[in-house]
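J.: After the sequence you'll find the predicted model.
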Amino acid sequence: MKKFISASLLVCLVSILPVKSQNKYQVAGKFPVEGNGGWDYVASEDDSSRVYIAHGNVMQVMNTSTNKIIGTLKGLNGAHGVAICENMNHGYVTSGKDSSYTVFDLNTFKKVRTIPAMGSEPDAVLFDFYTQRLFVGNARSNDISVFDVSVDKFIGKIKLDGNPEMLVNDDNGHIFVNIENLSMVCSINASTMKVENKWRLKEGQEPSGLAIDKVNHRLFSVCDNKLMVISDYDKGAVVATVPIGEHPDGAAFDPILKRAYSSNGDGTLTVVQEVDANTFKVIDNVKTQKGARTLTVNNKTHHIYLPVAERGEKPKPSATDPNPRPEVIPNTFVIMDVEVK
């Protein structure tokens, strides 16, 4: 994603069950996760109550029924994103520092093999069931590498105009990706591996997180200038914008509740209700924790999970580092549970 945060990790669990009379949310609890290091994406597996947390040089798996870690994959090098392929019983996690991805077993969470990503600094990763292919977004080389997961073989590369951020698919042969530095979205034919359409996000700037409504054919791009931009991906056109918090880096959509979410680094989670295909309104800004800027949602339990860590005071700028980051307070890797009031 946009920035790979170096920290001991705190992960936030957000429970967002429907409410009869109001639409408010609150933090319900925090659960520690052992380990240090930077983090980026988290991924949820709806049927198994699992959340996959990639950070530093490990990928950990938490059972959300018990809030316990049930597996750890070690030996990564700057872990970023996780994708799941249930029919192959494999998961995939990208390592940005050595430009590779690791295949792991979904039962044992042990490494099967490590494969060159065929691009520089792999970040987001997506398994597309329609084509049975793995799509790896390479942030530094401005392209997407495509692999046949049945044999873990590289089969092609999709060249982009700028650096890719989050990847989503429509289950009908199309992949969508935010192009951060150009403030645009690309629509890709997953079979031909060609860009079919691309459009600007108008007033939206530097999109990072991306979510999809596969029923109404809408994309939700969260942008650095505090906007969520909603697009019609059939027409390749913006249909609405809504305000969100500062420094977003993740987005998710719950198809049952018809709600889109933006995780914001300012310590808020913006909740957007989809009234209809062209009407959207903010119904809450949940206080989470400063730095909680990525997320995943379980569409069966309606829980949201956000990684974050505590930081100390920001150091003074210097000639060698004009914009230094605050030091991370050690051993603050946790899971935050937010529920409906």
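T.: Yep, it's here. Numbering: from 1, shown residues only.

J.: quick one: low-confidence ranges for the stretch 1-150 of the chain?
T.: Where the stretch 1-150 of the chain drops to pLDDT under 70, the residues are 1-23.

J.: make that the stretch 201-341 of the chain, sorry
T.: Within the stretch 201-341 of the chain, the ranges that satisfy pLDDT under 70 run 328-331, 333-341.

J.: Kindly recompute the last result at 80.
T.: The model of the stretch 201-341 of the chain has pLDDT under 80 over residues 309-312, 320-321, 323-341.

J.: how about the helices of it, start to end?
T.: Counting by DSSP state H, counting those that start in this stretch, the stretch 201-341 of the chain yields no residue ranges for helices.

J.: Count the neighbours of the residue nearest to F154 when sequence neighbours are not counted for me.
T.: Leaving out its chain neighbours, the residue that sits closest to F154 by CB to CB, 6 or more residues apart in numbering is M118, at 5.1 Å. (Each C-beta comes from the backbone N, C-alpha and C, glycine too.) For M118, the neighbour count with other CB atoms under 10 Å is 21.

J.: any idea how far the residue nearest the centre of the chain lies from L295?
T.: Nearest to the mean C-alpha position of the chain, counting by CA atoms, centre = their mean, stands Y41 at 4.5 Å. From Y41 across to L295, the span is 9 Å (CB to CB, to the nearest Å).

J.: hang on, the earlier thing: how near is the residue nearest to the centre of the chain to A79?
T.: Y41 is 9 Å from A79, where distance means CB to CB.

J.: Same question for G96.
T.: According to CB to CB, G96 stands 8 Å off from A79.

J.: what about these two, which has more around it?
T.: Taking other CB under 10 Å, G96 and A79 do not tie; A79 has more neighbours (29 against 23).

J.: Please list all residues in contact with the closest residue to the more buried one other than its chain neighbours.
T.: Spatially, and ignoring its direct neighbours in sequence, A79 is nearest to A54 (3.7 Å; CB to CB, 6+ apart). Neighbouring residues of A54 by CB atoms under 8 Å, 6 or more residues apart in numbering: 39-42, 76, 79-82, 93-94.

J.: Also S231?
T.: With the criterion set at CB under 8 Å, 6+ apart, S231 makes contact with 185, 199, 201, 218-219, 221, 237-239.

J.: Including distance to D128 and neighbour count, could these go into a markdown table?
T.: A markdown table is the format used below for these (distance: CB to CB, whole Å; neighbours: other CB atoms under 10 Å):
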| residue | distance to D128 | neighbour count |
| --- | --- | --- |
| V185 | 17 | 25 |
| W199 | 21 | 17 |
| L201 | 23 | 23 |
| R218 | 19 | 22 |
| L219 | 16 | 28 |
| S221 | 20 | 30 |
| A237 | 24 | 12 |
| V238 | 25 | 19 |
| V239 | 25 | 16 |
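
J.: with these in mind, which one is nearest to E246?
T.: Nearest to E246 out of the contacts of S231 is S221 (CB to CB; 15.9 Å).

J.: Quick check: the gap between the closest one and G75.
T.: Taking CB to CB, one finds S221 at 34 Å from G75.

J.: on that earlier part again, next, show the common contact partners of Y41 and L295.
T.: Common contact partners of Y41 and L295 (CB under 8 Å, 6+ apart): G250.

J.: Bridged to F154, which residues?
T.: F147 (DSSP bridges).

J.: Check what pLDDT it gets.
T.: pLDDT for F154: 98.

J.: check contacts around it.
T.: Applying CB under 8 Å, 6+ apart to F154 gives the contacts 115-116, 118, 145-147.

J.: Would you convert the residues you listed into JSON lines that also reports distance to Q205?
T.: Formatted as JSON lines, those follow (distance: CB to CB, whole Å):
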{"residue": "I115", "distance to Q205": "34"}
{"residue": "P116", "distance to Q205": "33"}
{"residue": "M118", "distance to Q205": "30"}
{"residue": "S145", "distance to Q205": "27"}
{"residue": "V146", "distance to Q205": "29"}
{"residue": "F147", "distance to Q205": "32"}
